[in-house]
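A.B. asks: Next one to model:
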Amino acid sequence: MPNYNGVWSLTTQLQYAADWSADNISPAALAAGGGGGRAVFEIGVLSSIVNTMEFTTILTGSTFTDFGDATVTSQARNSLSSDTRGVTGGGTNSTTNVMDYVTLASAGNSTDFGDLSRTKHNIMPAASVTRGIFAGGTGTGANEIEYITIANTGNVTDFGDLVVDYKGAGGSCQSTTRALFGGGGPNPYTAIDYVTIASTGDASDFGDLTDGRFSGMGGGSSNTRGIFYGGNDPEDDYSNIIDFVTIASTGNATDFGDLLANKGSLGCGASNKTAVLNLGGYGAGANIASADLIFLASTGNAVDFGAISTGGASRNSSGMCGSHGGIA
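C.D. replies: Numbering: from 1, shown residues only. I've put the predicted structure just below:
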């Protein structure tokens with residue numbers, strides 16, 4: 001790690017954070033755009049529902065470039081990834097139990113992966129380097145947890161059940177061994193559940209968020225620290241809260257800081273262990289045209305990443321990155 005001293009401006013912090021990331025990532029991974037922090041987002045809604053995908057680099061980028069198109073046009077889809085492949089599932093389209101995948105290092109259209117057990121959206125995703133998990137979602141029976149082997153295409157397999165019957169989007173995060181699922185609704189829950197990714201079985205209680213939230217929370221993590229942010233609070237107002245937990249232990253969440261604005265419909269963020277990037281959202285009656293960058297190692301407010309997308313303000317956009325907290 002570089003040895004830097006003194007008081008840092010935000011520009012300097014971004015520069016140094018990029019250096020720290022590079023110290024722990026191989027040149028090959030940086031060149032491939034996976035471990036180096038490439039974030040691929042499936043955009044949910046611009047002025048209309050789209051199937052657009054865009055990419056950037058979490059610490060060194062500030063603009064987004066076209067990646068390709070998803071196999072379905074829908075919103076409130078959610079994504080997970082290994083170090084090389086990203087998988088997105090579900091959506092609000094009435095026939096969407098579809099999962100599709102991309103290779104993170106090379107732009108192009110997505111390819112069919114297989115099917116979820118039923119049509120659903122607002123699922124909570126998590127992954128290790130080998131296994132992907134889709135938990136909860138909307139509709140009857142929304143406490144189900146399902147899994148895939150990311151390197152192999154095919155339909156989901158039953159994993160177990162959540163502690164609480166989540167019917168709307170909570171946030172999710174992961175370490176290399178555990179996946180956490182926090183919040184959800186239709187009534188805003190405070191509960192955080194967890195599972196061991198490599199095994200199957202029902203989830204266990206982890207603790208509680210600082211405030212109950214639902215309707216499009218976001219989440220992300222390093223190998224050790226997870227965050228949950230945004231969504232709708234018990235008064236059905238949009239929230240700017242960011243909470244954090246230490247993933248290896250159980251217990252209640254602690255206040256981390258604030259988002260750039262009060263918002264929900266966040267989809268899921270993309271994390272490279274150093275920071276979590278989340279696009280847009282919905283608040284104050286409109287889609288939001290800012291991207292929040294949240295540095296994980298210390299507490300504090302989110303910072304503005306830059307231009308949100310080639311298409312403008314968006315909501316329900318779902319992120320993938322090949323170097324998130326579930327990858328060693």
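A.B. asks: As a check, name the ranges of all strands in the stretch 1-150 of the chain.
C.D. replies: Assignment of strands within the stretch 1-150 of the chain using DSSP state E, counting those that start in this stretch yields the ranges 38-42, 52-57, 65-69, 78-81, 85-89, 98-103, 111-115, 124-127, 131-135, 144-149.
A.B. asks: Would you format those as JSON lines with mean neighbour count, distance to Tyr166 and mean pLDDT included?
C.D. replies: The way it works is simple: take the backbone N, C-alpha and C, and place the C-beta from them, glycine included. What follows is those, written out as JSON lines (neighbours: other C-beta atoms under 10 Å; distance: least, C-beta to C-beta, whole Å; pLDDT from 0 to 100):
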{"stretch": "strand 38-42", "mean neighbour count": "30", "distance to Tyr166": "21", "mean pLDDT": "96"}
{"stretch": "strand 52-57", "mean neighbour count": "23", "distance to Tyr166": "26", "mean pLDDT": "94"}
{"stretch": "strand 65-69", "mean neighbour count": "16", "distance to Tyr166": "29", "mean pLDDT": "95"}
{"stretch": "strand 78-81", "mean neighbour count": "30", "distance to Tyr166": "12", "mean pLDDT": "97"}
{"stretch": "strand 85-89", "mean neighbour count": "27", "distance to Tyr166": "15", "mean pLDDT": "98"}
{"stretch": "strand 98-103", "mean neighbour count": "23", "distance to Tyr166": "19", "mean pLDDT": "98"}
{"stretch": "strand 111-115", "mean neighbour count": "16", "distance to Tyr166": "20", "mean pLDDT": "98"}
{"stretch": "strand 124-127", "mean neighbour count": "29", "distance to Tyr166": "7", "mean pLDDT": "97"}
{"stretch": "strand 131-135", "mean neighbour count": "26", "distance to Tyr166": "7", "mean pLDDT": "97"}
{"stretch": "strand 144-149", "mean neighbour count": "21", "distance to Tyr166": "10", "mean pLDDT": "97"}
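A.B. asks: Arg315 is nearest to which of the ones you listed?
C.D. replies: strand 38-42 (11.8 Å; C-beta to C-beta).
A.B. asks: how much does that closest one deviate in direction from strand 65-69?
C.D. replies: Calculated by axes from the mean of the first three to the mean of the last three C-alpha atoms, to 10 degrees, strand 38-42 forms an angle of 50 degrees with strand 65-69.
A.B. asks: just the helices in this protein please.
C.D. replies: Using DSSP state H, the helices of the chain run over residues 10-23, 27-32.
A.B. asks: And these, which one averages the lowest pLDDT?
C.D. replies: Out of those, helix 27-32 stands lowest, with a mean of 36 (criterion: mean pLDDT).
A.B. asks: so who does Val72 touch?
C.D. replies: With contacts defined as C-beta atoms under 8 Å, 6 or more residues apart in numbering, the neighbours of Val72 are 51, 91, 93, 96, 98, 100.
A.B. asks: one more time with 10 Å, if that's ok
C.D. replies: 42, 51, 88, 90-91, 93, 95-96, 98-100, 110, 112 (C-beta atoms under 10 Å, 6 or more residues apart in numbering).
A.B. asks: With Pro186 instead?
C.D. replies: When the contact criterion is C-beta under 10 Å, 6+ apart, the partners of Pro186 are 138, 142, 165-168, 214-215, 232.
A.B. asks: Any stretches of this protein with poor pLDDT?
C.D. replies: 1-36, 139-141, 307 (pLDDT under 70).
A.B. asks: max-length strand in it?
C.D. replies: Ranked by residue count and defined by DSSP state E, the top strand of the chain is strand 204-213.
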